[in-house]
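In: coords below, sequence missing:
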């Protein structure tokens, strides 16, 4: 998946383990998650390494393989800050500019809370149908222990016409979702060990 590139590429490379996949809540937030008046149910979970957990939530009637709206919650334990995790994602985006003409991003640092909000667009024009994806990632310190939590919004458009329509309406959708995410009351995220 385009959006699942990482919470922190450099940190994840150092945390090698056999991944496991399930649909059981591993972060203490089984769902549904209500965001912008819509409920998102837990649809997929993964533990790519011993210290890295991912959960994806979609509205009723959608699947993680071909969603148009998704909420992501991730957590990584260890000596990493929200700023470092966001910087690693920005590096990934910069590297993908050579093959993805749509890539663009903005980043906002909240010095008072230590949080970082990264807003970006990516695409995969090699797929049939093509996919254009917008994401807003809110990185924050884990409530307990060292590490980073991520709560994110991901939206997609499919096919040439769908991608064009998606990008054309993104300005309004983006602003509303970023404001909602920035003020979203994030549930307590705990790492199950």
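Out: Looks like it arrived, so ask away. Quick caveat: nothing in here was measured; it's all calculated off a predicted structure. Numbers count the residues shown, from 1 in each chain.

In: for residue 116, phi and psi?
Out: phi -140, psi 140 (degrees, to the nearest 10).

In: longest helix of this structure?
Out: Longest helix of the chain, by residue count under DSSP state H: helix 159-183.

In: buried residues in that helix?
Out: Using 16 or more other C-beta atoms under 10 Å as the test for burial, helix 159-183 gives 162, 163, 166, 170, 174, 177, 178, 181. Every C-beta, even on glycine, is put in place using the N, C-alpha and C of the backbone.

In: distance check, the residue nearest to the spatial centre of the chain against residue 110.
Out: Centroid-nearest residue in the chain: residue 152, 4.1 Å away (criterion: C-alpha atoms, centre = their mean). Distance, residue 152 to residue 110, by C-beta to C-beta, to the nearest Å: 16 Å.

In: again with residue 47
Out: Between residue 47 and residue 110 the computed distance is 28 Å (C-beta to C-beta).

In: more neighbours: the two, which one.
Out: Using other C-beta atoms under 10 Å as the criterion, residue 47 and residue 110 rank with residue 47 on top: 18 against 14.

In: quick one: mean pLDDT over the helix or strand hosting the more buried one.
Out: Residue 47 is part of strand 38-49, with elements assigned from DSSP states H and E. What strand 38-49 shows for mean pLDDT is 94.

In: partner strands of that strand, with direction?
Out: Strand 38-49 sits in its sheet next to strand 20-22 (antiparallel), strand 33-35 (antiparallel), strand 52-58 (antiparallel), going by DSSP bridges.

In: mean pLDDT lowest where, among those strands?
Out: Ranked by mean pLDDT, the strands paired with strand 38-49 bottom out at strand 20-22, which scores a mean of 43.

In: ok, residue 68 - how many residues close by?
Out: Per other C-beta under 10 Å, the neighbour tally for residue 68 reads 16.

In: the nearest residue to it once chain neighbours are set aside bridge partners, please.
Out: Leaving aside its chain neighbours, residue 68 sits nearest to residue 156 (5.4 Å; criterion: C-beta to C-beta, 6 or more residues apart in numbering). The partner list for residue 156 in beta bridges (DSSP bridges) reads residue 133.
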